[in-house]
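>>> give me a 3D structure for the following:
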Amino acid sequence: MIETILSSEAPLLEVRGLSVSFGTQAVLRDISLQIPVGQTLVLLGESGCGKTVLLKNMIGLLRPTAGQVLFDEIDIHRLDERALTQLRLRCGFVFQNAALFDSMTIAQNIAFPLRQHTELRWPQIRERVLSLLQDVGLPADVLAKRPAELSGGMRKRVGLARALIMNPELVLYDEPTTGLDPIMTDVINQLILRTRRKHPVTSVVVTHSMETARRVPDRVVMLYPLSRLRPDETQIVFDGTPEALHQSRDRRVKQFVQGEAGQRLMELVGEA
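Coordinates of the predicted model:
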């Protein structure tokens with residue numbers, strides 16, 4: 001049984017029968033999810049199971065082979081490019097490597113969406129930038145720096161500030177803690193939690209991190225690689241609370257949660 005918040009409301013984001021293939025390689029098969037307003041969902045699973053592909057379909061960066069993605073009951077893949085761009089203004093995307101503009105200052109990076117899509121003057125924009133910088137725990141003296149002058153953790157926090165600058169309803173995170181040490185990983189996890197408390201957002205977080213899966217979400221969905229499933233098996237092998245994840249009796253879930261190679265190592269040796 002899936003536990004959700006505000007489950008009586010129509011979902012903000014809904015995936016219906018989504019399948020994605022690249023040439024002859026199928027990555028996602030018949031994925032269906034409903035994500036209620038205000039829920040924080042973690043997408044978990046090993047490399048190659050299609051987590052990031054699903055995330056990019058949720059915002060229209062990739063198109064499905066079959067199925068639909070509905071944002072606020074709008075089929076995003078039926079929109080033309082102009083309408084899709086307008087809809088994306090309601091979303092924030094935190095890229096795995098921050099994806100900051102190297103030639104811009106930190107202030108310019110964070111302010112970029114506001115300068116592109118609003119007519120606000122710089123004093124108003126700067127006030128918003130400073131407020132978000134404080135929210136993500138960065139000092140004002142980084143505003144004049146370039147991304148290359150910041151650490152990986154600081155760049156990720158800048159990326160989060162930029163994702164929040166338009167007050168989005170939905171924030172999508174692609175591996176927000178990859179490459180970070182345990183302390184900075186906890187900082188990012190805390191920022192995601194603080195963002196949810198301070199801003200009324202719905203969040204989807206793609207991660208390999210069990211610490212993130214334990215601390216951050218209301219709900220966890222675990223995907224399994226299609227290459228290791230029979231045609232009649234579902235790709236979603238777990239959908240429930242973080243507490244239930246650790247109590248799952250599914251062998252595949254237990255191996256991932258406990259970090260055990262076991263059967264997977266035998267499969268890899270057999271493939272070799």
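>>> from here on, contacts and neighbour counts on C-alpha atoms
Noted.
>>> before we move on, which element is the nearest residue to Met210 once chain neighbours are set aside in?
Nearest residue to Met210 in three dimensions, chain neighbours excluded: Val257, at 6.8 Å (CA to CA, 6 or more residues apart in numbering). Of the helices and strands defined by DSSP states H and E, Val257 is found in helix 251-258.
>>> state the number of residues packed around Phe22.
10 (other CA atoms under 10 Å).
>>> now it: phi and psi?
Main-chain torsions, Phe22, degrees, to the nearest 10: phi -120, psi 100.
>>> how near is it to Gln34?
Using CA to CA, to the nearest Å, one obtains 25 Å as the distance from Phe22 to Gln34.
>>> please apply the same query to Asp181.
Counting by CA to CA - Asp181 and Gln34 are separated by 33 Å.
>>> what about those two, which has more around it?
Gln34 (16 against 12).
>>> dihedrals phi and psi, the more buried one?
Torsion angles, degrees, to the nearest 10, at Gln34: phi -120, psi 130.
>>> what's it in contact with, if anything?
Pro11, Leu12, Leu13, Glu14, Val15 (CA atoms under 8 Å, 6 or more residues apart in numbering).
>>> change it to 6 Å
Pro11, Glu14 (CA atoms under 6 Å, 6 or more residues apart in numbering).
>>> equivalent analysis for Ser21, please.
So Ser21 contacts Val27 (CA under 6 Å, 6+ apart).
>>> that one looks like it's in a helix, true?
No - secondary structure of Ser21 (DSSP: H, G, I helix; E, B strand; the rest coil): strand, not part of a helix.
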